[in-house]
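Asks: Quick one, what's the 3D model for this:
(one chain, ligands or ions: 3)
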Amino acid sequence: MKVRILGSAAGGGLPQWNCACATCLAARAAGVNRDQDCLAVSGDGVSWYLVNASPDLRQQLIAAPELAPGPGRRDTPLRGVLLCTAELDHTIGLLSLREASSLSVYASAQAIEALSTAFPVRGVMAPYTTVDWRPVTAGKPVELAGGLVAEAFVVGDKRPRYAAATADRGGEWVLAYRIRDAARPDTGGLLYAPCLREMNDVFAAAAAEADCVILDGTFLYDDEMTRSAGAGPSATAMGHVPIEQSLTTLVRRPGVRYVYTHLNNTNPIAIEGSEEFQTVSTEGVRVARDGQVLEL
Ligand code: MLT
Ligand code: MN
Ligand code: ZN
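Replies: Numbers count the residues shown, from 1 in each chain. Ligands and ions are numbered 1, 2, ... in the order given. As a prediction, the model looks like this:
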């Protein structure tokens, strides 16, 4: 199973266009760029799936050699997209896939509802391409082309701000996916959980079986918005467990890779080599890098 991290930043990316916080200033000075959260995964190197569709998707696809089109003029290895949430940073990129001849989009019924109403991507895309919208349910793994199996876990109930008035059909707003090689049931595969409100039992159970865990590294501190901007909600209130909590409670198993992603532009670990980056690294958790390839 092949994995390529296409983007490792939270909504807004790094640097964020209108932000002059310490991390954004450091990123600008050093020429550091992190695109918004997006992952590409393949079981056979032929059929590829995205997890999340970031607003930076066009550049991300072009920068990934595995996702180049061909041999036919409109052949693409991209088969579909799995959505962790219906948040704008995970879904705006769907609109950039409208040139596809067809596409499967997997998401919770709740997210599909939001993308059919409050943010009506479904209706907008319909005249451009054939999208097969497939609701995923926790505990019911779905088979993907190329020999992968994806299982969803409900890890949060935080709804996008634009969907505040959307009818709540069970609260399955935030999913993590464990993606495995169907032909190798002895392997644990990848757990991808870029949005995680707390280190709960559902996450712990899913992580206990994975060979690689990529998890929410949005904020280092619970009061990071206050630290960097003088005011703002806590990380937890924004649906993200801060690293200062997850680093102490994350169970590390030998031989398993742990990686933080979905880094907010205020997060000092987003700058490689910073003191905070070093601290996290010495604790045995890596920091995702755009373009990074993982073989599982
Ligand atoms: C989040 O992950 O909390 C959201 O994507 C925030 C946002 O960018 O709107
Ligand atoms: Mn986000
Ligand atoms: Zn910033």
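
Asks: Get me the contact residues on the stretch 1-150 of the chain for ligand 3.
Replies: Contact residues, the stretch 1-150 of the chain versus ligand 3 (C-beta under 5 Å from the ion): Cys19, Cys21, Cys24. Placement of C-beta: from N, CA and C, glycine included.

Asks: let's see it at 8 Å
Replies: Counting by C-beta under 8 Å from the ion, the residues of the stretch 1-150 of the chain close to ligand 3 are Gly12, Leu14, Pro15, Gln16, Cys19, Ala20, Cys21, Ala22, Thr23, Cys24, Leu25, Ala27.

Asks: Let me know the closest of those residues to ligand 2.
Replies: Each of these was scored against ligand 2 by C-beta to the ion, and Gly12 proved nearest at 8.8 Å.

Asks: What sits closest to the closest one if chain neighbours are left out?
Replies: Spatial nearest neighbour of Gly12, chain neighbours left out: Asn265 (5.6 Å); criterion: C-beta to C-beta, 6 or more residues apart in numbering.

Asks: mind checking which helix or strand the residue in the stretch 1-150 of the chain that ligand 1 sits nearest to is in?
Replies: In the stretch 1-150 of the chain, no residue comes nearer to ligand 1 than Gly11, which is 2.0 Å away by C-beta to the nearest ligand atom. For Gly11, there is no host helix or strand (DSSP states H and E).

Asks: which ones are touching it?
Replies: Residues near Gly11 by C-beta atoms under 8 Å, 6 or more residues apart in numbering: Gln36, Glu87, Leu88, Asp89.

Asks: I figured the third one hits Ser54, correct?
Replies: Looking back up the chat, that one is Leu88. No: Leu88 lies out of contact with Ser54 (C-beta atoms under 8 Å); the separation is 9.7 Å.

Asks: The two: which is more packed in?
Replies: Ser54 (27 against 16; other C-beta atoms under 10 Å).

Asks: so the more buried one makes contact with Leu94?
Replies: No: in this structure, Ser54 is not within contact of Leu94 by C-beta under 8 Å, at 9.9 Å.

Asks: Quick check: the residue nearest to Gly12 touching Ala22?
Replies: No: counting by C-beta under 8 Å, Asn265 does not reach Ala22; the two are 10.0 Å apart.

Asks: okay, those two: which has more neighbours?
Replies: Just comparing Asn265 and Ala22: by other C-beta under 10 Å the higher neighbour count belongs to Asn265, 21 against 14.

Asks: Tell me who's in contact with that one.
Replies: Applying C-beta under 8 Å, 6+ apart, we find Asn265 in contact with Ala9, Ala10, Gly12, Gly13, Leu14, Pro15, Gln16, Cys19, Cys21, Thr23, Cys24, Ala27.

Asks: Kindly recompute the last result at 10 Å.
Replies: By C-beta atoms under 10 Å, 6 or more residues apart in numbering, the contact list for Asn265 reads 9-17, 19, 21, 23-24, 27, 34, 228.

Asks: Now do it, the pLDDT please.
Replies: With respect to pLDDT, Asn265 scores 98.

Asks: from the stretch 151-296 of the chain, which residue is nearest to ligand 3?
Replies: Asn265 (3.7 Å).

Asks: hey, C-alpha coordinates of stretch 18-27 in CSV?
Replies: The C-alpha atoms that make up stretch 18-27 are tabulated as CSV, following Å, rounded to 0.1, in the frame of the first residue of the first chain:
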residue,chain,number,x,y,z
ASN,A,18,-4.1,37.1,5.8
CYS,A,19,-2.1,36.0,8.8
ALA,A,20,1.0,37.7,10.3
CYS,A,21,1.3,35.4,13.4
ALA,A,22,4.8,34.3,14.4
THR,A,23,4.5,30.9,12.5
CYS,A,24,3.2,32.6,9.3
LEU,A,25,6.0,35.2,9.5
ALA,A,26,8.6,32.4,10.0
ALA,A,27,7.1,30.4,7.1
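
Asks: Many thanks, have a good one.
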